[in-house]
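1. Just the structure for this:
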Amino acid sequence: MLEILRGIDTKLLLAINGAHSPTLDFLLFWVSDRLIWIPFYCWLLYSLYRNYLKDTLWMLPAIAAMVAVSDQFSVLIKNNVARLRPCHEPSIQNIVHLVNDYCGGQFGFFSSHASNSMSLAVFVSMMLPKSQTAIRYQLLVFVILIGYSRVYLGAHYPGDVISGWIFGATFGWITATLLKKKISPIESK
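-> Residues are numbered from 1 along each chain as shown. Model (predicted):
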């Protein structure tokens, strides 16, 4: 069964990574860069501030801790599972398309990018009032774009991204659940 899943994972990776073009190379390389998202992060912070005012200050260390735990937990798992990234896997590394010679570290299970983005998305989605549906759609697009870019770039198998999403969703849910016990949006006060 595990071999069947690995085969599917590899076929999906090669299909996504193999459908490359100069335009997608440029766009998805930048989508994968954390700095390009700073305006979006500011928008999320502003959205939280609009709903929590000064209680937003409680969120900043919680968000920083959540992302740090998500990131470091993925590194711990990567180093213990030791699954090679596609661009380092000897059986396919010569056919994986690399953009700007970017590959990442040696191991890829599970994706830190996917985990960190999903933890933020779940956290913000849970903290905002139900009426804020537009931001939830934006967060969904954010998570999908980052996950897709990691596979497109040959840095992760789809399974690495999906696993990162699952762990990230868990970290985001735990953090939001704990914080919601301390603060609530201004509309519910």
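2. For the longest helix seen in the chain, what is the distance to the chain centroid?
-> If you go by DSSP state H, the chain has its longest helix at helix 56-81. What separates the centre of helix 56-81 from the centre of its chain is 12 Å, taken as Cα atoms, centre = their mean, to the nearest Å.
3. Please point out which parts of that helix sit buried.
-> 56, 59, 62-63, 66-67, 69-71, 73-74, 77-78 (16 or more other Cβ atoms under 10 Å). For glycine as for every other residue, the C-beta is placed from the backbone atoms N, C-alpha and C.
4. And it, what does it pack against?
-> Applying 3 or more Cβ pairs under 8 Å, 6 or more residues apart in numbering; DSSP states H and E, we find helix 56-81 packed against helix 38-52, helix 112-127, helix 158-180.
5. out of the buried residues of helix 56-81, who's nearest residue 112?
-> Residue 112 lies nearest to residue 74 out of these, by Cβ to Cβ, at 4.2 Å.
6. picking that back up, quick one: which of the helices and strands packed on helix 56-81 is nearest residue 146?
-> helix 112-127 (4.6 Å).
7. Only C-alpha atoms, please: export that closest one in PDB.
-> C-alpha atoms of helix 112-127 as PDB (Å, rounded to 0.1, in the frame of the first residue of the first chain):
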ATOM      1  CA  SER A 112       7.100  23.800   6.500                       C
ATOM      2  CA  HIS A 113       5.700  26.300   4.000                       C
ATOM      3  CA  ALA A 114       2.400  24.300   3.900                       C
ATOM      4  CA  SER A 115       2.300  23.900   7.600                       C
ATOM      5  CA  ASN A 116       3.000  27.500   8.500                       C
ATOM      6  CA  SER A 117       0.600  28.900   5.900                       C
ATOM      7  CA  MET A 118      -2.200  26.600   7.000                       C
ATOM      8  CA  SER A 119      -1.600  27.200  10.700                       C
ATOM      9  CA  LEU A 120      -2.000  31.000  10.000                       C
ATOM     10  CA  ALA A 121      -5.000  30.500   7.800                       C
ATOM     11  CA  VAL A 122      -6.900  28.300  10.300                       C
ATOM     12  CA  PHE A 123      -6.000  30.600  13.200                       C
ATOM     13  CA  VAL A 124      -7.200  33.800  11.400                       C
ATOM     14  CA  SER A 125     -10.300  32.000  10.100                       C
ATOM     15  CA  MET A 126     -11.200  30.900  13.600                       C
ATOM     16  CA  MET A 127     -10.500  34.200  15.200                       C
END
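8. returning to what we had before: would you format the helices and strands packed on helix 56-81 as JSON lines with mean neighbour count and mean pLDDT included?
-> JSON lines is the format used below for the helices and strands packed on helix 56-81 (neighbours: other Cβ atoms under 10 Å; pLDDT from 0 to 100):
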{"stretch": "helix 38-52", "mean neighbour count": "15", "mean pLDDT": "95"}
{"stretch": "helix 112-127", "mean neighbour count": "25", "mean pLDDT": "97"}
{"stretch": "helix 158-180", "mean neighbour count": "20", "mean pLDDT": "97"}
